[in-house]
Each structure stands twice: as C-alpha cells, then as structure tokens.
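# Please find the sequence and the predicted model below.
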Amino acid sequence: MSTPTGNAALLVMDLQNGIVSRFAQNEELLLPFQKAVEAARNNNIPVYFIRVAFREGYSDVSPRNKAFSQIANIGGMTVDDYATQIHDAVKPRSGEHVITKKRVSAFAGSDLEILLRSRQIDTLILSGIATSGVVLSTVREAADKDFAIQVLSDACLDADVEVHRVLTEKVFPRQAEVLTVDTWTSSLKG
C-alpha cells in the first residue's frame, strides 16, 4: 500500500502519566513517539493528543464495563487527576488539541470525529499505548469511518510483545499501512 495522500493528522493516544508509568518505565521507549510528534510538527501535520479520563464521581462509567468499572472502584483517572495528564515527553504545544475519551477507542465519548471532519482530515497516523487497547479499537473504528490509516509500529507499546507482533504484522495490515516512525518520516520528505 502506498502512503496515503490528503489531509493527515497524527493521533498520540493514551500517552498519559498513569498509562506511561505502567508500560514504559524506560523512557527510551518514548523516543519513537517524540520523533513522530516532532516530524508531524515540522511537516505541518496537526497532532491530536487523546487521553482517557472520567468525571468526578464516575457517573460516566457503567458497572457493566469490566475494565473501567474497576477504575471507578479504586479511584483515579478523573479529568483533573495527574494520571490523565499527557506525559511531559510528548507535551502538547499551545493550540494543539487534547481530547478526552470515555472508553477504549479514541472516538468513543469524544469529539474527535467532529474535529477531524471540520478540518477535512482523511488520513490518520496512529501511535499509542496499548497496541491491544486504544490502537486496535481506533484502527477498527477509523476504518469503519472510511479514514485512511497508518500505524507507527514502533510508536505503539503493549504489555505483551507477542500480542503487539500479531496485531502489527497480521491484523492491522488488513485495514492500515503499518510502518516504522523512520519509514514514515522518510516518506514525508518526498
């Protein structure tokens, strides 16, 4: 698959303090994310930072939601909580959007699609933590919404290396172009 043309945006998903601390104790793992953000900014590609966060009191969390109801029981992950703030390694600049979602996909419970459509964005470059969480869910939903998709394989992390490999080598290529940050940044120069 060739590099999609058109209006692109980089999504940096769930690189928030509470998730980065669980998946990337070694900050060198964040270098591909930083490189992708820098390349996007240098090429006038808008960067959208996606985070998951809930209202105080968790009125937006269903007890039937297995993952998020546990958060509601133990606390944290509210909108103002330290855990939901974007990690300093990829700190948003003034004017860049920080979008709050309520579920796993970047689209779920957020205004992301409205923001993308209003700028006529038709191509999404995805990065995030975790590959089996926000990245997988966003690939599926973005494909159903007819966005062209690129996944930056080394700017995605997962607790299970084999799951990451299967997703990036076998599952994502059905709906997205999967490439490294270096390959993507090289394609921007042409």
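Nice, I can see it.

# partner strands of the biggest strand by length in the chain, parallel or antiparallel?
As far as residue count goes, and with DSSP state E defining each element, the longest strand of the chain is strand 148-157. Strands adjacent to strand 148-157 in the sheet, as given by DSSP bridges, are strand 123-129 (parallel), strand 177-179 (parallel).

# Which helix or strand contains Asp80?
Here Asp80 is covered by no helix or strand, with elements defined by DSSP states H and E.

# Give the buried residues for stretch 21-36.
By neighbour count with 16 or more other C-beta atoms under 10 Å, stretch 21-36 contains the buried residues 23-24, 29-30, 32-36. For every residue, glycine as well, the C-beta is placed using N, CA and C.

# can you check stretch 37-47 too?
Per 16+ other C-beta under 10 Å, stretch 37-47 contains these buried residues: 37, 39-40, 45-47.

# where's the longest strand of the chain relative to the chain centroid, distance-wise?
Taking C-alpha atoms, centre = their mean, to the nearest Å, one finds the center of strand 148-157 at 9 Å from the center of the full chain.

# contacting residues around that strand?
By C-beta atoms under 8 Å, 6 or more residues apart in numbering, the list of residues contacting strand 148-157 from outside reads 3-4, 6, 23-24, 29, 32-33, 35-36, 122-131, 135, 139, 142-143, 164, 168, 172, 175-181, 184.
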